[in-house]
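Enquirer: Return a 3D structure for these sequence lines:
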Amino acid sequence: MTTENGAAHWSIADGGRCYLRSLPVLTGDAPGFDEAKAPAEPVTLFVDWLQTAVAAGVPEPHAMTLCTVDEQGFPRARVLILKAVDERGWHLAVSSVSQKGRELAAHPVATLTFYWPALVRQVRVVGEVVDDGERASAEDFLARPPGSRAMAWTRRQSQPLTDPAELEHELVKAHRRLREDPDAVPAEWISYAVRPHQVEFWEGAPDRRHRRLSYTRDGQGWARTVLWP
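Expert: Prediction:
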């Protein structure tokens with residue numbers, strides 16, 4: 001039996017396998033690209049793909065999944081917003097007291113994944129994580145909306161929350177601090193660049209003849225490799 005949208009009903013017996021298999025995939029409109037004509041370095045192609053996603057109306061096209069490694073060696077992932085991309089890498093900002101901040105400090109490597117389903121495209125960035133410095137960190141923090149800055153000033157991100165009233169109390173204090181010193185920046189706020197070792201561009205196709213182009217750092221330049229789907 002199926003639902004009105006064509007999906008099968010969820011079955012506990014099979015763990016939802018039939019239901020999940022009935023959901024459509026790769027339904028976007030892939031623009032297509034010629035791997036042979038790709039630029040010599042990945043940033044130019046990434047910016048082109050990002051702007052194509054923006055033009056196509058993809059919601060939050062600058063959202064990315066950040067994957068880090070925790071103290072037990074387990075990967076952890078969450079979605080952040082890309083702040084910039086240039087010759088130094090893909091830039092993001094975190095609080096050093098947060099879980100991801102602690103993990104980046106202990107294991108300064110990361111993977112970023114961008115996914116634009118309307119275009120059937122993904123980009124994966126793998127590399128070391130480098131501190132952008134105090135000035136870049138301050139500029140990033142001060143450019144954030146008041147609510148974001150106030151939450152950072154609580155300095156409690158990722159800690160257990162046992163009483164919602166405590167959160168409200170700390171936010172009141174943080175907003176008061178913002179009013180009294182609007183240019184203050186927490187020492188814990190850090191802007192990072194993921195300096196890529198490898199960048200892969202993926203464009204899917206319903207027949208699974210996906211197009212994949214990998215850039216791997218080769219000295220001061222890049223080696224390009226077309227991969228099997």
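Enquirer: The spatially most central residue of the chain sits in which helix or strand?
Expert: Centroid check for the chain by Cα atoms, centre = their mean gives residue 64 as the closest residue, at 2.0 Å. Following DSSP states H and E, one finds residue 64 within strand 63-69.
Enquirer: Quick check: neighbours of that strand in the sheet, parallel or antiparallel?
Expert: strand 75-81 (antiparallel), strand 109-116 (antiparallel) (DSSP bridges).
Enquirer: hmm, who's touching the shortest one?
Expert: With Cβ atoms under 8 Å, 6 or more residues apart in numbering as the test, strand 75-81 has contacts from 60, 62-70, 92, 94, 99-100, 103. All C-beta spots, glycine's among them, are computed from the backbone N, C-alpha and C.
Enquirer: could you redo the last one with a cut-off of 10 Å?
Expert: With contact meaning Cβ atoms under 10 Å, 6 or more residues apart in numbering, strand 75-81 is reached by 60, 62-70, 92-94, 98-100, 103, 111-113, 115.
Enquirer: rewinding a little: and residue 35, which of the strands paired with strand 63-69 is closest to it?
Expert: strand 109-116 (18.1 Å; Cβ to Cβ).
Enquirer: Please save the CA atoms from that closest one in PDB.
Expert: What follows is strand 109-116 as a C-alpha-only set of coordinates in PDB (Å, rounded to 0.1, in the frame of the first residue of the first chain):
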ATOM      1  CA  VAL A 109      41.400  18.600  10.200                       C
ATOM      2  CA  ALA A 110      37.900  18.700   8.800                       C
ATOM      3  CA  THR A 111      35.600  17.800   5.900                       C
ATOM      4  CA  LEU A 112      33.000  20.200   4.500                       C
ATOM      5  CA  THR A 113      30.100  19.000   2.300                       C
ATOM      6  CA  PHE A 114      27.800  21.200   0.200                       C
ATOM      7  CA  TYR A 115      24.700  19.600  -1.200                       C
ATOM      8  CA  TRP A 116      22.300  21.300  -3.700                       C
END
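Enquirer: Beyond that strand, next helix or strand please.
Expert: Heading C-terminal from strand 109-116 (DSSP H and E), you reach strand 121-131.
Enquirer: For that following strand, list the C-alpha coordinates in PDB.
Expert: The C-alpha atoms that make up strand 121-131 are tabulated as PDB, following Å, rounded to 0.1, in the frame of the first residue of the first chain:
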ATOM      1  CA  ARG A 121      25.300  18.600  -7.100                       C
ATOM      2  CA  GLN A 122      27.600  18.100  -4.200                       C
ATOM      3  CA  VAL A 123      31.100  19.400  -3.300                       C
ATOM      4  CA  ARG A 124      33.300  17.900  -0.700                       C
ATOM      5  CA  VAL A 125      36.300  19.700   0.800                       C
ATOM      6  CA  VAL A 126      38.900  17.800   2.900                       C
ATOM      7  CA  GLY A 127      41.900  19.500   4.600                       C
ATOM      8  CA  GLU A 128      43.700  20.900   7.500                       C
ATOM      9  CA  VAL A 129      42.200  23.700   9.600                       C
ATOM     10  CA  VAL A 130      44.200  26.900  10.100                       C
ATOM     11  CA  ASP A 131      43.400  29.800  12.400                       C
END
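Enquirer: Can you tell me the strand partners of it and which way each runs?
Expert: strand 109-116 (antiparallel), strand 189-203 (antiparallel).
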